[in-house]
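J.: sequence plus the predicted model coming up.
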Amino acid sequence: MGRRTWRFWLALVLVPAALVILLSLGTWQVNRLHWKETLLADIQERSTAPAADVTEAERLLAAGTPIDYRHATASGRYLHDKERHFLATFEGQSGFYVYTPLELADGRYILVNRGFVPYDRKDPATRSTGQIEGPQTVTGLARAELTEKPSSLVPDNDEKANIFYWKDLRRMAASVGLPADRVLPFFLDADATPVAGGLPKGGVTQIDLPNNHLQYVITWYGLAVALVAVTLAGLFRRRTR
């Protein structure tokens, strides 16, 4: 068997296999595209719907309904002495998101992400005017809790220094003595309503889920078309010889 003939039969085996793989990847990305578009539409609907009370959001969550980014509201009083700090950047500045327990009328609590403070304003004493007292109503977006650390590259939370590198709701609550059975199982990210002194700065939630699946669909299907074209060209040249 000549070298040219050997290459022909090898291509006859490999080209269909490669074509199946490329088409499978393209079809998988089509399915992912539909899933992502549905997810984004659901998030848009939840985030722009009339605000539901956090107790209603809790009932929805218990029933298996997603509440992430749901427009929600809560009323109670802040426990500023128990605020927790999540290391973050906002608008190009390093600092912290301030998570403060809000005690509800029924004696339960929800951890509210009140917003961003610069790194040198971590100490509440440097922003005392923003530590608002008395009954408060906060509106924002419900955020689902994380059940585990997002990545092994993320450092462990430093509870002693009150610096959290990932949003461990259970440990945030436990580290300030809140009973686990009295804490709502999700966060509430406050909206951009200004507070006295300007800090914390609310409205930090970013709904920015990348959707590059159409690009991948075009890439995989495009490679499949190119493979077919190259193969047909090769067969045509072989036949003309």
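T.: Noted; the coordinates are in hand.

J.: can you give the domain ranges for the chain?
T.: With domains defined by automatic domain parsing, the chain comprises 21-47+210-241, 51-198.

J.: for these, which one ends up most surrounded?
T.: Most buried of the domains of the chain, by mean neighbour count (mean count of other C-beta atoms under 10 Å): domain 51-198, with a mean of 17. (Glycine included, C-beta is placed from N, CA and C.)

J.: where does pLDDT dip in this protein?
T.: Residues of the chain meeting the criterion pLDDT under 70: 1-13, 39, 209, 211, 232-241.

J.: again, only this time at 90
T.: For the chain, the stretches with pLDDT under 90 are 1-52, 64-67, 146-148, 150-152, 194-198, 205-241.

J.: after the helix ranked longest in it, next one along is what?
T.: In the chain, taking DSSP state H as the definition, the longest helix is helix 3-48. Next helix or strand after helix 3-48 toward the C-terminus (DSSP states H and E): strand 52-53.

J.: need the next SSE after that next one, C-terminal direction.
T.: helix 54-62.

J.: in its sheet, which strands sit next to the following helix or strand past that next one, and in what direction?
T.: Reading on from helix 54-62 to the C-terminus, the next helix or strand found by DSSP H and E is strand 71-78. Partners of strand 71-78 in the sheet, by DSSP bridges, are strand 52-53 (parallel), strand 93-104 (antiparallel), strand 136-144 (antiparallel).

J.: the second one relative to helix 54-62, how many degrees between them?
T.: Read it as strand 93-104. Relative orientation of strand 93-104 versus helix 54-62 (axes from the mean of the first three to the mean of the last three C-alpha atoms, to 10 degrees): 100 degrees.

J.: helices and strands around the helix or strand just after strand 93-104, which ones?
T.: Sequence-wise, the next helix or strand downstream of strand 93-104 (DSSP H and E) is strand 109-118. Applying 3 or more C-beta pairs under 8 Å, 6 or more residues apart in numbering; DSSP states H and E, we find strand 109-118 packed against strand 71-78, strand 84-90, strand 93-104, strand 136-144, helix 169-174, strand 183-190.

J.: same thing but at 6 Å, please
T.: Packing partners of strand 109-118 (3 or more C-beta pairs under 6 Å, 6 or more residues apart in numbering; DSSP states H and E): strand 93-104, strand 183-190.

J.: sorry, back to before: so for residue 29, which of the strands paired with strand 71-78 sits nearest?
T.: strand 136-144 (25.8 Å; C-beta to C-beta).

J.: and residue 28, how far from residue 190?
T.: Remark: distance between residue 28 and residue 190 (C-beta to C-beta, to the nearest Å) = 39 Å.

J.: for residue 210, that is, sorry about that
T.: Distance from residue 210 to residue 190, counting by C-beta to C-beta: 25 Å.
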